[in-house]
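Novice: Compute the structure for the input listed below.
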Amino acid sequence: MAALLDDNRITEFCRLHGRWQREGDALVTEIKAATFLDGIAAVSAVAQVAEEMDHHPDIDIRWRIVIFRLTTHSAGGITDLDTDLAERIEVSVDAADGLAPERPAALAPAGPGPYGQGLTSLAPTAPADLPRTRRDLLASGYQPRSVKAEMQANLTWRLQEGATTLPGIVGFEETVGPQVERAILAGHDFVLLGERGQGKTRLIRSLIGLLDEWMPYVAGCEINDEPTAPLCA
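Specialist: Here you go, the predicted structure:
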């Protein structure tokens, strides 16, 4: 039986994955799709992942709104099975054709997938305790970092916690997966070569999960400028 996660692990997961909130003994997220069929497409994508893991979410469909609720009933709460499935749900929804999260008004999600027309918003919005002004941001100790450094830090955390590093990728655990991990940790650029249908696109899309869930930017700036050294100030 999977062991229950402690409160600190669950809080940290929700901090890194702002789409998910804890509600009692479950992780919950909500998708608002442009059409009913887009919502059903999202459910279908998640259903395939759940079948592969043999761990199934509670799903509530209300016209264009789909709510996913994850808990391990046999353990009586939240376990690694739920956090792993939550990560894979993010990848499945982001990668689905015609589905894409909308940028929140104040903070842009760092790993949004290709923007399309199907998914118009993905709850929750940015946590209320994040800095809202440049002064608050600097006071929080924020330091800008490159995409490579961001991915290195988040991959290191996943490895230390024993979490899934490349959710949604099956069959590469002892081959391509470790090679990609080493390349990211070393800060290397890399190219994936292979025949069509070998999962290259899915693997690349899964890497957005190694970016911070939220990133600050200058409100009203067309290029989402870096607040500590803005070009459009």
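Novice: Could you tell me which helix of this protein is the longest one?
Specialist: helix 36-53 (DSSP state H).
Novice: Would you mind pulling up the elements that that helix packs against?
Specialist: strand 26-33, strand 58-62, strand 65-70, helix 80-95 (3 or more Cβ pairs under 8 Å, 6 or more residues apart in numbering; DSSP states H and E). Just so you know, the C-beta spots here come from the backbone N, C-alpha and C atoms, and that holds for glycine as well.
Novice: Quick check: mean pLDDT of it?
Specialist: Taken as a whole, helix 36-53 has a mean pLDDT of 86.
Novice: same question, stretch 177-194
Specialist: Averaging pLDDT along stretch 177-194 yields 91.
Novice: Name the residues of that stretch that come out as buried.
Specialist: By 16 or more other Cβ atoms under 10 Å, the buried positions in stretch 177-194 come out as G177, V180, E181, I184.
Novice: what's the span of that stretch, first residue to last?
Specialist: Across stretch 177-194, the terminal residues are separated by 14 Å (Cα to Cα, to the nearest Å).
Novice: Equivalent analysis for stretch 138-152, please.
Specialist: Between the opening and closing residues of stretch 138-152 there is a gap of 23 Å (Cα to Cα).
Novice: From the chain's centroid, how far away is it?
Specialist: 18 Å (Cα atoms, centre = their mean, to the nearest Å).
Novice: And the contacts of it?
Specialist: Where contact means Cβ atoms under 8 Å, 6 or more residues apart in numbering, the residues beyond stretch 138-152 that reach it are 110, 131, 153, 184-185, 187, 207, 210-212, 216, 226, 228-229.
Novice: could you pull out the helices for the protein?
Specialist: Here the chain has its helices, by DSSP H, at 7-16, 36-53, 80-95, 134-139, 147-161, 176-186, 200-206.
Novice: just those helices: most buried one?
Specialist: Of all these, helix 80-95 has the most neighbours on average by mean count of other Cβ atoms under 10 Å, namely a mean of 23.
Novice: That one packs against which elements?
Specialist: helix 7-16, strand 26-33, helix 36-53, strand 65-70, helix 200-206.
Novice: got these as JSON lines, with distance to Q160 columns?
Specialist: Conversion of the helices and strands packed on helix 80-95 to JSON lines gives the following (distance: least, Cβ to Cβ, whole Å):
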{"stretch": "helix 7-16", "distance to Q160": "11"}
{"stretch": "strand 26-33", "distance to Q160": "21"}
{"stretch": "helix 36-53", "distance to Q160": "22"}
{"stretch": "strand 65-70", "distance to Q160": "22"}
{"stretch": "helix 200-206", "distance to Q160": "19"}
